[in-house]
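Student: attaching a predicted model along with its sequence, questions to come.
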Amino acid sequence: MGIRIVRLGSERAPAEGIRIGTVRRPPRGVPKTEFARQNWYDIWYPNLAPSIETMKLGQAADDDAKWNAFAKRYRAEMKQPDATRTIELLAKLSHGADFSMGCYCQDESHCHRSILRALLHEHGALLSA
């Protein structure tokens with residue numbers, strides 16, 4: 001059981017459960033009726049995505065200092081009450097259900113989902129490989 005952090009659009013793992021898209025925008029050119037069938041996501045939840053301004057910082061982060069600035073700003077956004085409550089809820093649910101969360105970025109280490117993984121871990125989530 002637990003949360004699997006994934007790249008949206010990738011092949012689903014066995015017993016992955018519901019896939020949650022923590023992205024600011026839906027996939028371009030894909031009809032809404034095809035999101036789940038094409039392995040993008042079952043539920044779109046932009047509340048855990050970086051704001052547009054913060055997302056732009058992350059996309060432009062081409063060195064450690066810029067990446068750290070992005071990470072600090074995204075973590076600050078996730079400290080807002082609604083985001084914190086959501087992270088706490090997902091962390092608790094991870095002990096009784098399988099589900100996955102993700103983003104489109106190819107490299108998780110240079111994506112907000114790496115920080116989201118850390119935040120979930122900090123809140124006691126059970127994380128799958």
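Tutor: It's in.

Student: show me where this structure has strands.
Tutor: 2-7, 18-21, 43-44, 98-103 (DSSP state E).

Student: tell me the strands beside the shortest one, with direction?
Tutor: Which is strand 43-44. strand 18-21 (parallel) (DSSP bridges).

Student: okay, buried residues for the partner strand please.
Tutor: Residues of strand 18-21 classed as buried by neighbour count (16 or more other C-beta atoms under 10 Å): R19, I20, G21. All C-beta atoms are positioned from the backbone trio N, CA, C, and that covers glycine.

Student: so for it, mean pLDDT?
Tutor: The pLDDT scores in strand 18-21 average 98.

Student: sorry, back to before: same list (the strands of the chain) but as CSV, adding distance to G29.
Tutor: Output for the strands of the chain, formatted as CSV (distance: least, C-beta to C-beta, whole Å):
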stretch, distance to G29
strand 2-7, 18
strand 18-21, 15
strand 43-44, 16
strand 98-103, 18
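
Student: most tightly surrounded among those strands?
Tutor: Among the strands of the chain, ranked by average contacts under mean count of other C-beta atoms under 10 Å, first place goes to strand 98-103 (a mean of 22).

Student: now K66: how far from L57?
Tutor: 7 Å (C-beta to C-beta, to the nearest Å).

Student: the two - which one has more neighbours?
Tutor: L57 (18 against 13; other C-beta atoms under 10 Å).

Student: enumerate every residue touching the more buried one.
Tutor: By C-beta atoms under 8 Å, 6 or more residues apart in numbering, L57 lies in contact with P50, K66, A69, F70, R73.
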